[in-house]
Each structure stands twice: as C-alpha cells, then as structure tokens.
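Enquirer: My questions are about this predicted structure, shown below with the sequence.
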Amino acid sequence: MTFTTTLQKDAIKIMLLGSGELGKEVAIEAQRLGIEVIAVDKYENAPAHLVANRSYAIDMQDKEAVLALIEKEQPSFILPEVEAISIAALFEAETRGFHVIPNAEAVNKTMNRKNIRVFAAEELGLKTSKYEFVTTLEGLKEAGERIGFPCVIKPVMSSSGHGQSIARTANDIERSWEMAKEARGDASELIVEEFIPFDYEITLLTVRNETGTTFCEPIGHVQKDGDFILSWQPMQMTPASLTKAQEIAKSVTDGLGGRGIFGVEFFVKDDEVYFSELSPRPHDTGMVTLVTQSQSEFALHVRAVLGLPLDFTFYGSGACGAYKAKNESHNPTLEVPDTAFTKDSFVRVFGKPESHVGRRMAVSLVLDEVEEAKRRATQIVENISDH
Ligand SMILES: Nc1ncnc2c1ncn2[C@@H]1O[C@H](COP(=O)(O)OP(=O)(O)OP(=O)(O)O)[C@@H](O)[C@H]1O
Ligand SMILES: NCC(=O)N[C@@H]1O[C@H](COP(=O)([O-])[O-])[C@@H](O)[C@H]1O
Ligand SMILES: [Mg+2]
C-alpha cells in the first residue's frame with residue numbers, strides 16, 4: 001500500500017472506539033506513521049485522548065451518537081477498543097461503507113461470551129470448558145448443579161473480571177448472582193463455566209491480514225479476580241501444546257476474518273488445550289510486547305489494519321506487572337521508585353484522570369530471563385504508590 005501523511009489531502013484516519021491504555025499505544029503507533037487518530041471514549045481525558053489528534057467523550061452504547069460521529073469524522077478505519085459499544089452502529093457503519101476492524105460480525109461475536117462460545121465450541125468444534133447460559137437465579141442454581149462445583153460465573157458482556165466469581169459450593173450461588181448483577185456491562189444473561197484447574201494459561205497473540213497470519217511467542221499470565229496482574233513472554237510450552245494452540249487460534253481468527261491482532265486465550269491442563277475467549281484487538285497481557293518485540297502488539301495491529309507485512313523480531317524474554325490503584329482520586333499521582341528506571345526496565349503510566357481502588361493505572365516492563373523478569377516486574381509494581 002502507499003502511505004499518505006496527515007499533511008496530504010487523502011490522509012488515513014483511524015477512529016478508536018475506546019481510549020484506554022491499549023488504545024493509547026495503538027494511537028502512538030499510528031501517529032508514528034503519520035496517521036490521524038480520533039480517540040473516542042465515554043469520559044474525557046482518557047489515555048488515548050492524550051495522544052490523539054482529536055478526542056470525543058460520547059455514550060458509545062448510543063447507536064445514533066456513534067454513527068453521527070463516524071459520519072462527521074469519516075474515518076478510514078474504525079477500531080473498537082472496548083466491548084461496550086453499540087454493535088448496531090458498527091453494523092450500520094459497515095453497511096455505509098466504513099471499514100470496521102476486524103469486521104462488525106467479529107466484534108459482535110467476541111463482545112458477547114455467548115456468541116463466541118457457541119461459535120468456537122458448537123460451530124468450530126473446539127475444546128472449551130463445559131458451559132450453560134442462564135437468565136434467572138433459579139436457572140443459575142440448576143446450571144451450577146449440572147456443571148458441578150467449583151464453577152465460574154460471568155456476565156455475558158464484561159471484561160477485566162468485572163462481575164465474575166467462582167462458586168465453590170451451591171451456597172455461593174446467590175453471592176455470584178449478586179456480583180454479576182452489580183457489575184457494569186450486560187448482566188441480563190450469565191455464563192456458568194466448568195472450572196478448569198489448569199496448569200497455566202496463555203494469550204496467543206495472532207495477527208492477520210491479506211499478507212498472512214503470524215503468531216507472537218505465547219504469553220503466560222497470572223490473573224487475580226479475573227484481571228491480569230503479571231504476564232511474561234515466552235511461556236514455556238510443549239511443542240505439541242503450542243502447535244495445538246496455534247491451530248485453534250488460526251481456525252478461530254480465520255473464522256472471524258478481517259484485519260488486525262487478536263488475543264486468543266487458552267487454558268492448558270496436561271496435554272489438553274482449552275479455548276477460553278479472545279479479544280479482536282490488542283490484549284492487556286500483551287503489553288509485555290512493548291519491550292520484547294521489535295513490533296509490539298500495538299504496532300502489529302496498526303500494520304495489520306493498514307494491510308502491511310507482519311514480520312517482526314522477538315528480542316528476548318520479559319515480563320509486565322500491572323499497577324492497580326489503592327486509592328480513589330480525581331487527580332491521581334503515581335509515585336514510581338527510581339529503581340524502576342534501569343536500562344532494561346520501564347514504566348508506562350496511562351494517565352487515567354481518575355483512580356478507583358483496583359483500577360489499572362500503569363505497568364512495569366522488564367527485559368530479563370523469565371523468572372527474573374517476573375520477580376523484577378512484580379517488585380517495581382510493589383514499590384509504586386498512588387494518592
Ligand atoms: N472456566 C474457567 N476455569 C478456570 N479459570 C477461569 C475460567 N474462566 C475464567 N477463569 C479465570 O479468570 C480469568 C478471566 O476470565 P475471562 O478471560 O473469561 O474474563 P474477562 O473478564 O473477559 O477478562 P479480559 O477481558 O481481561 O480478558 C481467566 O484468565 C482465568 O484466569
Ligand atoms: N481486559 C480489557 C482491558 O484491559 N482493556 C483496557 O482497559 C481499558 C479500560 O480501563 P478502565 O476500566 O480502567 O477504564 C480499555 O479502554 C482498554 O484499554
Ligand atoms: Mg480474558
């Protein structure tokens with residue numbers, strides 16, 4: 001493809017629907033190629049707003065508001081960055097000739113756990129945990145008995161663990177029901193999943209466009225309350241498990257189609273590789289690629305969107321630790337120790353305008369042998385504070 005820059009008449013323009021920490025890095029990579037970036041979120045001064053050409057705060061679940069903005073800005077590419085977007089607006093935009101990444105149907109399938117689970121398990125025949133969908137407390141109690149305990153309960157539309165819980169016995173079901181209902185997102189339906197006592201879990205970043213499909217080294221991670229606290233790359237896997245994960249990732253991403261990067265999540269138990277879910281965009285656990293690869297997951301996403309080649313070099317192992325706020329603040333300040341700034345350790349502060357307890361505010365990044373990188377990334381995060 002031929003590039004034009006923002007200085008030229010037919011500039012390439014990217015619209016991010018969602019402007020958190022992941023969108024911020026996508027915006028920076030796009031800016032580096034002279035692409036105009038329009039960053040949209042539901043609140044002002046979101047991380048990607050800070051580095052975009054123009055920014056907007058709108059109700060992204062409001063079909064008309066989203067469409068009006070698309071018509072006003074006429075983006076070359078629309079990049080969903082969160083799940084909570086009016087899917088009707090994306091379908092309509094596509095009908096009107098706009099290019100949604102990877103495509104509106106893929107976003108539709110992945111934003112809702114029911115759609116992606118039915119697609120993966122029932123249409124593609126992939127191995128997943130056992131699951132059922134429920135809409136009532138009574139239904140949840142019955143599904144819990146059929147699936148067995150412990151089981152994992154999640155709203156069909158949620159991310160970063162919001163509204164998710166583990167019911168260890170039937171006595172926990174009502175608490176799980178309440179937790180799902182209190183969460184933001186769509187909890188009108190819940191998924192009840194068999195708990196997989198996995199040996200480890202991974203994200204397999206899979207990037208595709210017309211030039212082909214490329215995989216990043218597998219990323220291992222640790223989650224707490226459904227949200228990642230530490231990730232590292234590469235995760236040591238047996239060749240057989242890695243091949244199986246790559247085959248599954250290829251089949252799901254080919255099934256979804258379109259251009260872009262996908263974060264395909266798996267649980268590995270002995271020789272079994274379970275498909276869990278996927279993001280049709282950069283993945284939070286993939287922030288480690290900011291230091292481990294010549295092209296980070298964000299750079300690869302932008303290249304994929306533009307139809308460019310997807311080659312890159314893996315520099316070496318590293319880890320990423322998530323810093324979550326300990327305080328509520330309308331103007332948060334992070335105190336980062338000097339020891340975070342060695343020649344092979346880094347900190348990325350997202351610049352979120354407000355902190356809530358548990359909100360991800362920054363990450364530490366360390367290039368080192370895996371176990372040492374994990375230890376150092378964790379230590380940096382432990383020494384950060386906020387107020
Ligand atoms: N069936 C399961 N068995 C065991 N652990 C599970 C199961 N489902 C979820 N988990 C744990 O909870 C984590 C979060 O689950 P999941 O990825 O479904 O939620 P999410 O809110 O969509 O997360 P994100 O949007 O951050 O990817 C998983 O990475 C895993 O550690
Ligand atoms: N697991 C998905 C994920 O990490 N998404 C990232 O978090 C942001 C929302 O953060 P917030 O909840 O702090 O506003 C999203 O905009 C995205 O960048
Ligand atoms: Mg997940």
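Expert: Looks like it arrived, so ask away. Ligands and ions are numbered 1, 2, ... in the order given.

Enquirer: hmm, which helix or strand of this structure has the shakiest average pLDDT?
Expert: strand 186-194 (a mean of 90; mean pLDDT, DSSP states H and E).

Enquirer: who are the neighbours of the following helix or strand past that strand, in terms of helices and strands?
Expert: The C-terminal neighbour of strand 186-194 among helices and strands, as given by DSSP states H and E, is strand 200-209. Under the contact criterion of 3 or more Cβ pairs under 8 Å, 6 or more residues apart in numbering; DSSP states H and E, strand 200-209 touches strand 212-215, strand 219-224, helix 239-256, strand 260-269, helix 297-306. For glycine as for every other residue, the C-beta is placed from the backbone atoms N, C-alpha and C.

Enquirer: Can I get these in CSV including mean pLDDT, mean neighbour count and distance to ligand 2?
Expert: Putting these into CSV (pLDDT from 0 to 100; neighbours: other Cβ atoms under 10 Å; distance: least, Cβ to the nearest ligand atom, whole Å) gives the following:
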stretch, mean pLDDT, mean neighbour count, distance to ligand 2
strand 212-215, 98, 16, 20
strand 219-224, 98, 20, 10
helix 239-256, 98, 18, 18
strand 260-269, 98, 24, 9
helix 297-306, 98, 25, 11
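
Enquirer: what residues does the chain put near ligand 1?
Expert: 129, 152, 154, 158-161, 164, 193-196, 201, 223, 226-227, 265, 276-277, 284 (Cβ under 6 Å from any ligand atom).

Enquirer: How about the contacts made by the most centrally placed residue in the chain?
Expert: By Cα atoms, centre = their mean, the chain has its centre lying nearest to residue 283, at 3.3 Å. By Cβ atoms under 8 Å, 6 or more residues apart in numbering, the residues touching residue 283 are 22, 203, 205, 219, 263, 265, 297.

Enquirer: Now the two most distant members of those residues.
Expert: In terms of Cβ to Cβ, those reach their longest pairwise distance at 22 and 265, which sit 15.0 Å apart.

Enquirer: Report the closest residue of this protein relative to ligand 2.
Expert: For the chain and ligand 2, the shortest gap (Cβ to the nearest ligand atom) falls at residue 20, measuring 2.1 Å.

Enquirer: Residue 56 versus the residue of the stretch 1-150 of the chain found nearest ligand 1, what's the distance?
Expert: At 4.1 Å from ligand 1, residue 129 is the closest residue in the stretch 1-150 of the chain, using Cβ to the nearest ligand atom. Counting by Cβ to Cβ, to the nearest Å, the separation of residue 129 from residue 56 is 39 Å.

Enquirer: What residues are bridge-paired with residue 203?
Expert: residue 219, residue 265 (DSSP bridges).

Enquirer: got the contact list for it?
Expert: 218, 219, 221, 231, 263, 264, 265, 266, 283, 285, 286.

Enquirer: The first one: neighbour count?
Expert: Here the number of neighbours of residue 218 (other Cβ atoms under 10 Å) works out to 24.

Enquirer: how about it, phi and psi?
Expert: Torsion angles at residue 218 (phi, psi; degrees, to the nearest 10) stand at phi -60, psi 140.

Enquirer: surely it meets residue 245?
Expert: Yes. Between residue 218 and residue 245 there is a contact at 6.8 Å, judged by Cβ atoms under 8 Å.

Enquirer: Overlap in contacts, these two.
Expert: Common neighbours of residue 218 and residue 245 (Cβ under 8 Å, 6+ apart) are 202, 204, 237.

Enquirer: so who does the nearest residue to the residue of the chain closest to ligand 2 once chain neighbours are set aside touch?
Expert: Closest residue to residue 20 apart from its sequence neighbours, by Cβ to Cβ, 6 or more residues apart in numbering: residue 47 at 5.6 Å. Residues near residue 47 by Cβ under 8 Å, 6+ apart: 19, 20, 21, 23, 24, 350, 351, 352.

Enquirer: who in the stretch 1-150 of the chain is up against ligand 2?
Expert: Checking the stretch 1-150 of the chain against ligand 2 by Cβ under 6 Å from any ligand atom, the hits are 18, 20, 21, 22, 23, 81, 82.

Enquirer: do that again at 5 Å, thanks
Expert: Within the stretch 1-150 of the chain, the residues that sit near ligand 2 (Cβ under 5 Å from any ligand atom) are 18, 20, 21, 22, 82.

Enquirer: again, but for the stretch 151-300 of the chain
Expert: 159, 160, 284.

Enquirer: Turn these into JSON lines, columns for secondary structure.
Expert: Below are those laid out as JSON lines (DSSP: H, G, I helix; E, B strand; the rest coil):
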{"residue": "159", "secondary structure": "coil"}
{"residue": "160", "secondary structure": "coil"}
{"residue": "284", "secondary structure": "helix"}
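
Enquirer: Columns pLDDT, neighbour count and distance to residue 241 on top of those residues, output as TSV?
Expert: Shown next, in TSV, are those (pLDDT from 0 to 100; neighbours: other Cβ atoms under 10 Å; distance: Cβ to Cβ, whole Å):
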residue	pLDDT	neighbour count	distance to residue 241
159	88	20	26
160	89	18	26
284	98	21	23
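
Enquirer: and which of those residues is nearest to ligand 1?
Expert: residue 159 (3.1 Å).

Enquirer: how is this protein carved up into domains?
Expert: Here the domain parsing of the chain from automatic domain parsing is 13-100, 130-194, 200-386.
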